[in-house]
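>>> sequence first, predicted model second:
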Amino acid sequence: MNYKFFLLSVFLLIVHFNAISQEEILALRKIKTPSFIIQFDYNQNGHVTSETKVVFDVDYLSYKFEYEYNENGSIALLKKYDKNSEVWNFTHYEENEYNANNQIVTKNTYKDYGSGFRFTEQQFYTYQDAFLKTITYQNISPEGSNNNIKKDFFYNNEQRLFQIKKYAWINNSWMHIEIFDFEYDNFGNILTYSNEFLMGDDFIKNWRYRFTYNGSSELTERAYYLSGGSEWSPRPLNKYSYQSNYILGTQAVLYPSIYQFDVLNFNWFQHDGSLLIQDDYWLADCDATLHFIESASYFYEPFCLGVENYENHKILIYPNPVTNELRIKNYELKIVNVAIFDIYGKNVFTSPASLWSQEATINISHLKPGTYFVRTATEKGMVTQKIMKQ
């Protein structure tokens, strides 16, 4: 989509380093239902350090994740704990490696089945420019044999993911076994996410999510359907309905941007200008009639990013509003790296760790219009500033 280019002389902005006030950031701290509770802890940079889910009276469904980050704010180490009789047992960890563009390239997974940790899976990631191209999974069995899986990712002309093809390594070749398809509306909101799997010589429908939005592009419902043969079942197996409140123009919402948390709720379908306060869960019985099960309430607290205040140094970020290229200049300190976050705290861009310069130019043409926060790391500390993407 093309937008009007704003002249540098009109929109040049000189801003002192300032921390974001507590009134501007709300962090999701807790989700509570009658059957479980999820709590989140954050570090000063707004990254989730722990996610704990306790399912009441069902220990084996409870878990705790702990996260450690590299200097670019990406997850370097993940630890998982499972609950057993009020005791958290360390059962799983993952180590991530990144390239110079801060894109994950390798994930190593280790699990403890009762006799100590053992290497169980390795994932390899490849990219085409800034887009994920493939993920290859090598699963290591206790006997040492491999069970390899590959996923290929495809994007449309609007640079949105529209298909994933899954392959299994069978008889010394990749065999296509599953398809995942994505459909969008004219505003870029995802409408359907569906799956087909290979049976015999043909792919057959398996399951599908359908998403409903209001006039403000806020997600209001997510419904899950199973296949009824060659067509989708007319009635959903379950659904979530969402309730939101508008947020103040000066506020931003910090949602957990981690892949353990429900990506269908947050990482894919975030919407600007609203605060998710409740979702309702409905489940179908044998007659495919939906029955209300329970509601989840979302609790937020004011949050202040840990940014050091430099009164004697100035930074230039321009143009603002920005359409394609964002320029950052710092005449007194070298810029180490730059990260950009949406209003929910999701990292949408991170520059290479090797960036040591007093100037940086960043192409953000792929980002949707809206409010973003630019976190600039210098050789003495970090600062976060607000920009508008046209």
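All right, it came through fine.
>>> for residue 60, which three-state class applies?
helix (DSSP: H, G, I helix; E, B strand; the rest coil).
>>> list the contacts for it?
Taking C-beta atoms under 8 Å, 6 or more residues apart in numbering, we find residue 60 in contact with 82-84. The C-beta positions use only the backbone N, C-alpha and C, and glycine is treated the same way.
>>> chain neighbours aside, what residue packs nearest to residue 62?
residue 83 (3.9 Å; C-beta to C-beta, 6 or more residues apart in numbering).
>>> so that neighbour touches residue 54, yeah?
Yes. The pair residue 83 and residue 54 qualifies as a contact (C-beta atoms under 8 Å) at a distance of 7.3 Å.
>>> still on that earlier bit, what about whichever helix or strand the residue nearest to residue 62 is part of, distance to the chain center?
Element membership for residue 83 (DSSP states H and E) is strand 75-84. Centroid displacement of strand 75-84 relative to its chain, using C-alpha atoms, centre = their mean, to the nearest Å, is 18 Å.
>>> that one pairs with which strands?
Using DSSP bridges, the strands paired with strand 75-84 in its sheet are strand 63-69 (antiparallel), strand 87-98 (antiparallel).
>>> all strands for the stretch 151-300 of the chain, in order.
Along the stretch 151-300 of the chain, the stretches classed as strands by DSSP state E, counting those that start in this stretch are 161-170, 173-184, 190-199, 202-213, 219-226, 238-246, 252-254, 274-284, 290-302.
>>> which residues pair with residue 78 across the strands?
The partner residues for residue 78, given DSSP bridges, come to residue 67, residue 94.
>>> contacting residues around it?
Residue 78 makes contacts with 65-68, 93-94, 96, 260, as judged by C-beta under 8 Å, 6+ apart.
>>> one more: residue 214?
Counting by C-beta under 8 Å, 6+ apart, the residues that residue 214 touches are residue 220.
>>> roughly how far apart are it and residue 187?
Using C-beta to C-beta, to the nearest Å, residue 214 is found at 12 Å from residue 187.
>>> again, but for residue 114
From residue 114 over to residue 187 (counting by C-beta to C-beta), the distance is 50 Å.
>>> between the two, which one's more packed in?
In this view residue 114 and residue 187 are compared by other C-beta atoms under 10 Å, and residue 187 has more residues nearby, 9 against 6.
>>> need phi/psi at the closest residue to the more buried one other than its chain neighbours.
Nearest residue to residue 187, sequence neighbours excluded (C-beta to C-beta, 6+ apart): residue 217, at 5.4 Å. Dihedral pair for residue 217: phi 60, psi 30, per degrees, to the nearest 10.
>>> ok, residue 217 to residue 253 distance?
16 Å.
>>> who's more crowded, these two?
residue 253 (22 against 14).
>>> the more buried one contacts residue 298, correct?
No. The criterion here is C-beta under 8 Å, and residue 253 misses it with residue 298 at 9.9 Å.
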